[in-house]
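[1] structure, please.
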Amino acid sequence: MSTLAVDQAASQSRRKNRKSRMAGIVPAIIVGIPLALFVLFPLTHILGRSFSTPDGYGLANYAAMLGNERFLRITWNSFAVTIVTTILAIVFAYTFAYAIQRSTMPFRNLFRLIAVLPLFAPSLVQAQGLVLLFGRNGIINRTFDLGIDLYGYWGIVIASVLYVFPYAFLILSAALAVADARIYESAEMLGASKWRAFRTVTLPATRYGLAAAIFVCFTLVITDFGNPMVIGGDYTVLASEVYNQVIGQANFEMGTVIGMVLLIPAAIAAIVEKRVSAKQYALISEHSKPLVPQQDRMRDRFLLAAALLISLAILLIVAVVVFASFVHLWPYRMNFSLRHYAFDVQNGIQPLWNSIYISVMAAGIGVVVVTAAAYVIEKFPSPATRALYFLSILPAAVPGMVLGLGYILAFNNPMNPVYAIYGTLFIIAIANVYYYHAHGFLISGTSMKQISGRFDEASATLGGSRLQTFTKVTLPLLFPTLVGIAVFFFMRSMVTLSAVIFLITPNTQVAAVSVLYLQDRGATNQAAAFSVCIIATIMVVLLAVRLLLNATGHKNVSLIR
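    Numbering: from 1, shown residues only. Model (predicted):
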């Protein structure tokens, strides 16, 4: 009898375990289906099309590209720009972040705000501003007759440094924000100079932040085509070549081959960054003593000068774009005028409204999908959640142009059910959501891990279901994070260019692409006006959300992530 009871208990335990595993697998599959559809499916089409030849499938496209001297030169151009830009951006961003977090210089909050200002504008605004200042008709170039030839390699590098600087700054600022004062006290007691303490303590402690910043800068630069299109001149890079092959020549096979070439370094960079970050350990323990920066006049003066120069460069670029939008005809009739805000071009102001509609949709959809993925992985552990985690972070290694090109190949087919939304604002919103999915997912997942499992246990003890626990406990605790994620998706959707350039139609034109087209055809003032409208829209939304958070008692929540 006792043996029978043991067998029954074991059988019940096995059934319970199977039921528990199924309870975890089903949600993972449900959440994973959209990721597979909107990320994996387009990538398989990119891969398949790159091997497609008139004679079937083969390596002929890759052989043609690798044997083409022009393609090899363009590849070299891309890496030459990307590596130099990444080094410069990391040096400037680390200096700026160190000045903010580890010095006592004045106006640190103001400098912090200036540093993130480029996030509010399309990527090509940096090139726009440089052209207005130092281009052939640039105000500084003409005024002082400097004869600067900005178009080409160095123009792309300078514009790209300004473009990726705020991303590197935010990561490195977070890395430098916390430190254990006891380590620095020990170094001082052992006679280490300040420079040696920096080399042996500060730099090693921030190496994981440096790895993340390098990955972000490298990926953003090698896949950006807005700045090269505006200021590159005859200097072609891989991202602009994809655009030329697909839009200019309708050569999808060669476009997909270059897309795969872009995907490889981005994927390798992502893998390396993840491996380095996996070794990260906690720098702060319960016995740690927070580091409080002490006044050092020489250091603070040097860092203040560096911060002023970097801030001046950022402000000058944005200011000249704003100024150009209010003059009659740059640079010949500089009198004040509002005529460029009449938007008497094709579609008028509609691209801006389209961008707002898309960004609102992306914010709503993005919050739902990244929170659902993070919640399932955290609360429904199963073998399927590993695959779900991989799918959730996969977009971090996928360039926007590659994903957008994949959408054309995968969904521009009447036989595909997704074709019903192809050519609409909704498909552009979806592209933005899954292009930035990894970032939103990591923010949501990090916040989810900070919520103790005891809340779930207490709710279950009181008879609450998972749904009740989620709606009444988890969601209220996550509210500030969810608002931040929504703002992130809204901001990125307003300014993104590469992920949507292949998806727009005359009826679904967006503001960032309008800036590119207007700048390309020489309508400098109207391009500047569109850029100013994008910046103003984002600032208004940020202000409104800030007021909402303040009203709900979340004054210390940061909206820039």
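[2] okay, now the unreliable bits of the chain?
    By pLDDT under 70, the low-scoring segments of the chain are 1-24, 178-188, 190-193, 270, 273-292, 450-470, 472-474, 556-561.
[3] not counting sequence-adjacent ones, nearest residue to residue 49?
    residue 256 (4.4 Å; Cβ to Cβ, 6 or more residues apart in numbering). Bear in mind the C-beta positions are built from the backbone N, C-alpha and C, glycine included.
[4] can you report how many residues neighbour that neighbour?
    By other Cβ atoms under 10 Å, 27 other residues sit near residue 256.
[5] quick one: contacts for it?
    Contact analysis of residue 256 by Cβ atoms under 8 Å, 6 or more residues apart in numbering lists 46-47, 49-50, 61, 405, 409.
[6] among these, which ones are in strands?
    Using DSSP state E, no member of the contacts of residue 256 falls in strands.
[7] what packs against the helix or strand where residue 97 lies?
    Residue 97 is located in helix 69-102, with elements delineated by DSSP states H and E. In terms of contacts (3 or more Cβ pairs under 8 Å, 6 or more residues apart in numbering; DSSP states H and E), helix 69-102 is packed against helix 108-115, helix 153-177, helix 207-223, helix 238-243, helix 252-278, helix 297-324.
[8] tell me which of those sits nearest to residue 548.
    Of all the helices and strands packed on helix 69-102, it is helix 108-115 that lies closest to residue 548, at 19.4 Å by Cβ to Cβ.
[9] just the angle between the closest one and helix 297-324, please?
    If you take axes from the mean of the first three to the mean of the last three Cα atoms, to 10 degrees, helix 108-115 sits at 40 degrees to helix 297-324.
[10] middle-most residue in this protein, spatially?
    Residue closest to the average C-alpha location in the chain (Cα atoms, centre = their mean): residue 436, at 6.3 Å.
[11] so who does the nearest residue to that residue once chain neighbours are set aside touch?
    What sits nearest to residue 436 in space, not counting adjacent residues and going by Cβ to Cβ, 6+ apart, is residue 492, at 5.1 Å. Shown in contact with residue 492 (Cβ under 8 Å, 6+ apart): 362, 432, 436.
[12] which of those fall within helices?
    Assignment to helices by DSSP state H places the following of these there: 362, 432.
[13] of all the contacts of residue 492, which comes closest to residue 39?
    Nearest to residue 39, judged by Cβ to Cβ, of those is residue 436 at 11.8 Å.
[14] quick one: contacts for the closest one?
    366, 395, 488-489, 492-493.
[15] okay, now the domains of this protein?
    43-324, 342-561 (automatic domain parsing).
[16] same list (these) but as CSV, adding distance to residue 32.
    Formatted as CSV, the domains of the chain follow (distance: least, Cβ to Cβ, whole Å):
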stretch, distance to residue 32
domain 43-324, 15
domain 342-561, 5
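[17] among the ones you listed, which comes closest to residue 33?
    The closest approach between residue 33 and any of these, judged by Cβ to Cβ, belongs to domain 342-561 at 9.9 Å.
[18] how far away is residue 555 from residue 439?
    For residue 555, the distance to residue 439 (Cβ to Cβ, to the nearest Å) stands at 24 Å.
[19] of the two, give the one with the bigger neighbour count.
    Neighbours per residue (other Cβ under 10 Å) separate residue 555 from residue 439, with residue 439 holding more: 20 against 9.
[20] surely the more buried one is in contact with residue 366?
    No - contact status for residue 439 versus residue 366: not in contact, 9.7 Å apart, counting by Cβ atoms under 8 Å.
[21] overlap of the contact sets of the two?
    residue 488.
[22] who touches residue 508 in this structure?
    Residue 508 neighbours (Cβ under 8 Å, 6+ apart): 354, 423-425, 428.
[23] residue 444: which of those is nearest?
    Nearest to residue 444 among the contacts of residue 508 is residue 428, at 22.5 Å by Cβ to Cβ.
[24] quick one: distance of the helix or strand the closest one falls within to the chain centre.
    Assessed by DSSP H and E, residue 428 sits inside helix 425-435. Distance, stretch centre to chain centre, for helix 425-435: 14 Å (Cα atoms, centre = their mean, to the nearest Å).
[25] name the residues that touch that helix?
    35, 38-39, 354, 357-359, 361-362, 365-366, 369, 395, 398, 400, 403-404, 407, 411, 418, 421, 489, 492-493, 496, 499-500, 503-504, 508, 510.
[26] repeat that for stretch 108-117.
    By Cβ under 8 Å, 6+ apart, the residues outside stretch 108-117 that reach it are 96, 99-100, 165-166, 169-170, 173, 307, 310-311, 314-315, 318, 560.
[27] return a PyMOL selection command for the buried portion of the residues you listed.
    Applying 16 or more other Cβ atoms under 10 Å to the contacts of stretch 108-117 leaves a buried subset, and the PyMOL line that selects it is:
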select buried, resi 96+99+100+165+166+169+170+173+307+310+311+314+318+560
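[28] and of the contacts of stretch 108-117, the nearest to residue 82?
    Residue 82 lies nearest to residue 165 out of the contacts of stretch 108-117, by Cβ to Cβ, at 14.7 Å.
[29] so who does that closest one touch?
    Residue 165 makes contacts with 89, 92-93, 96, 115, 118, 310, 314, as judged by Cβ under 8 Å, 6+ apart.
[30] 10 Å instead, please
    Contact analysis of residue 165 by Cβ atoms under 10 Å, 6 or more residues apart in numbering lists 85, 88-90, 92-93, 96, 115-119, 126, 217, 310, 313-314.
[31] and if you look at residue 387?
    Contacts for residue 387 (Cβ under 10 Å, 6+ apart) come out as 28-29, 32, 35-36.
[32] for residue 309, same thing?
    For residue 309, the contact set (Cβ under 10 Å, 6+ apart) comprises 92, 95-96.
[33] now those residues in JSON lines, with distance to residue 235?
    As requested, the contacts of residue 309 are exported to JSON lines (distance: Cβ to Cβ, whole Å):
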{"residue": "92", "distance to residue 235": "22"}
{"residue": "95", "distance to residue 235": "28"}
{"residue": "96", "distance to residue 235": "28"}
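[34] pick the one among the residues you listed closest to residue 482.
    Nearest to residue 482 among the contacts of residue 309: residue 96, at 29.4 Å, using Cβ to Cβ.
[35] the closest one and residue 112, how far apart?
    9 Å.
[36] now swap in residue 136 and tell me
    In this structure, residue 136 and residue 112 are 35 Å apart, going by Cβ to Cβ.
[37] list phi and psi for the residue nearest to the centre of the chain.
    Main-chain dihedrals, residue 436, degrees, to the nearest 10: phi -100, psi 10.
[38] what of residue 333?
    Main-chain dihedrals, residue 333, degrees, to the nearest 10: phi -120, psi 100.
[39] give me the nearest residue to it, chain neighbours excluded.
    Leaving out its chain neighbours, the residue that sits closest to residue 333 by Cβ to Cβ, 6+ apart is residue 327, at 7.0 Å.
[40] so the one you found makes contact with residue 526?
    No - with contact defined as Cβ atoms under 10 Å, residue 327 and residue 526 do not form a contacting pair (11.8 Å).
[41] could you check which of these two has the larger neighbour count?
    Ranked by neighbour count (other Cβ under 10 Å), residue 327 and residue 526 place residue 526 first, with 23 against 19.
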